[in-house]
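A.B. asks: With the input below, show me the fold.
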Amino acid sequence: MGGHLKMVHISKPENYVSGVTTMLKKIVLLLVSFFVLFASTSGTLEAQEENWKFEAGLYFWYASMGVDSASGGDIDIDANDLVDALDFGFMTVLGVQKGKWSFMTDVIYLDISDDSDTQGTLPIGPGIPVGVHSNVKLKGWIVTPSLGYNVVQTDKFKLDILAGARYLWLEADLELNISGLPKPRQDKISDSSDVWDGIIGVRGEVSLGKNWYIPYYLDVGTGNSDLTWQAMAGIAYKFSKVELVVAYRYLYWDFDDGALFDNMNINGPLAGVKFVF
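C.D. replies: Next comes the predicted model:
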């Protein structure tokens with residue numbers, strides 16, 4: 001897919017990593033439990049009647065992808081290559097708010113494919129010319145639902161605490177056709193996997209005056225993976241019921257031992273539009 005492949009060996013002190021991971025999972029689970037308890041008891045404090053608010057947004061994330069495999073391979077795919085290989089995709093945010101409570105869902109779907117041809121020579125006798133045709137297909141979902149509660153609301157600053165989950169599903173198909181050998185060879189590899197993680201975090205905005213503001217978001221979590229976290233910040237402009245947003249976003253997973261990948265990150269700028277009604 002146009003990515004650059006290089007081999008990197010990374011050594012880890014296993015006992016230390018295992019201890020930190022166990023402690024992190026306990027902290028996240030404790031904070032999620034506290035949030036759920038807080039949510040169940042604080043709802044009775046809302047006496048005033050609040051109107052429902054809904055929002056729906058579409059955005060384009062011009063992202064690069066980096067993957068470290070369990071064998072030590074480092075695969076980097078830049079944003080241009082991902083866009084060139086994109087067959088179909090969409091990115092959306094849906095939300096509802098009533099009073100201090102809000103529920104948001106961020107959904108990303110990507111369908112990527114790429115073909116490439118490589119010519120080479122086998123070092124046998126005078127050399128045997130061979131050709132390799134590869135076809136790669138990758139499909140993926142990233143869904144992040146979260147429940148939020150507003151703890152700070154002023155003319156200049158808004159802060160919500162949140163708890164939720166992140167779901168990652170990937171399906172990959174690789175087909176290789178090798179020609180030039182006495183007997184042509186064709187191989188096909190298919191695999192899929194999914195990961196569920198619980199997350200906690202914060203989101204909100206900082207007013208810059210008039211219709212300008214800075215949106216921000218941060219979460220951290222664990223579950224099927226050892227660690228996942230996400231951060232986003234940017235600048236936005238509000239019209240009456242439409243908001244335009246430009247931001248930078250970073251999303252990361254550190255997977256369990258034994259997984260195909262050690263870690264994966266997706267990062268880059270994004271631009272989108274949000275409708276509020």
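
A.B. asks: going forward, measure contacts between C-alpha atoms and count neighbours the same way
C.D. replies: Will do.

A.B. asks: and Ile266, what does it touch?
C.D. replies: The neighbours of Ile266, taking C-alpha atoms under 8 Å, 6 or more residues apart in numbering as the test, are Ala63, Ser64, Met65, Gly66, Tyr250, Leu251, Tyr252.

A.B. asks: can you pull the pLDDT of it?
C.D. replies: We have a pLDDT of 93 for Ile266.

A.B. asks: and it, what are its bridge partners?
C.D. replies: For Ile266, the beta-bridge partners are Met65, Leu251 (DSSP bridges).

A.B. asks: Asp76 now?
C.D. replies: Beta-bridge pairing of Asp76 under DSSP bridges involves His4, Gly66.

A.B. asks: what's the pLDDT at it?
C.D. replies: Asp76 is assigned 75 on the pLDDT scale.

A.B. asks: just Leu122 next, same as before
C.D. replies: 51.

A.B. asks: Phe90 contacts Leu110, doesn't it?
C.D. replies: Yes. In this structure, Phe90 is within contact of Leu110 by C-alpha atoms under 8 Å, at 6.9 Å.

A.B. asks: Those two - which one has more neighbours?
C.D. replies: The neighbour comparison of Phe90 against Leu110 (other C-alpha atoms under 10 Å) goes to Leu110, with 18 against 13.

A.B. asks: does the closest residue to Phe255 other than its chain neighbours count as helix, strand or coil?
C.D. replies: Excluding the flanking residues, the one nearest Phe255 by C-alpha to C-alpha, 6 or more residues apart in numbering is Ser225, at 4.4 Å. Three-state assignment for Ser225 (DSSP: H, G, I helix; E, B strand; the rest coil): coil.

A.B. asks: Can you give the strand pairings for whatever helix or strand Val143 lives in, parallel or anti for each?
C.D. replies: Assessed by DSSP states H and E, Val143 sits inside strand 128-153. According to DSSP bridges, strand 128-153 forms sheet pairs with strand 101-122 (antiparallel), strand 157-179 (antiparallel).

A.B. asks: what pLDDT, on average, does that strand get?
C.D. replies: 84.

A.B. asks: ok, now stretch 199-206?
C.D. replies: The model assigns stretch 199-206 a mean pLDDT of 98.

A.B. asks: go on, stretch 56-71?
C.D. replies: Stretch 56-71 comes out at a mean pLDDT of 85.

A.B. asks: picking that back up, pick the most deeply packed of the strands paired with strand 128-153.
C.D. replies: Across the strands paired with strand 128-153, the average number of neighbours (mean count of other C-alpha atoms under 10 Å) peaks for strand 157-179, which reaches a mean of 18.

A.B. asks: The following helix or strand past it packs against which elements?
C.D. replies: Where DSSP H and E defines the elements, the next helix or strand beyond strand 157-179 is strand 185-209. Applying 3 or more C-alpha pairs under 8 Å, 6 or more residues apart in numbering; DSSP states H and E, one finds that strand 185-209 contacts helix 14-42, strand 157-179, strand 212-223.

A.B. asks: Confidence-wise, which of these is weakest overall?
C.D. replies: Among those, helix 14-42 scores lowest, with a mean of 48.

A.B. asks: what does the helix or strand just after that helix contact?
C.D. replies: Following helix 14-42 in sequence order, the next helix or strand is strand 52-61 (DSSP H and E). Around strand 52-61, the neighbours that count as contacts under C-alpha under 8 Å, 6+ apart are 90-99, 268-277.
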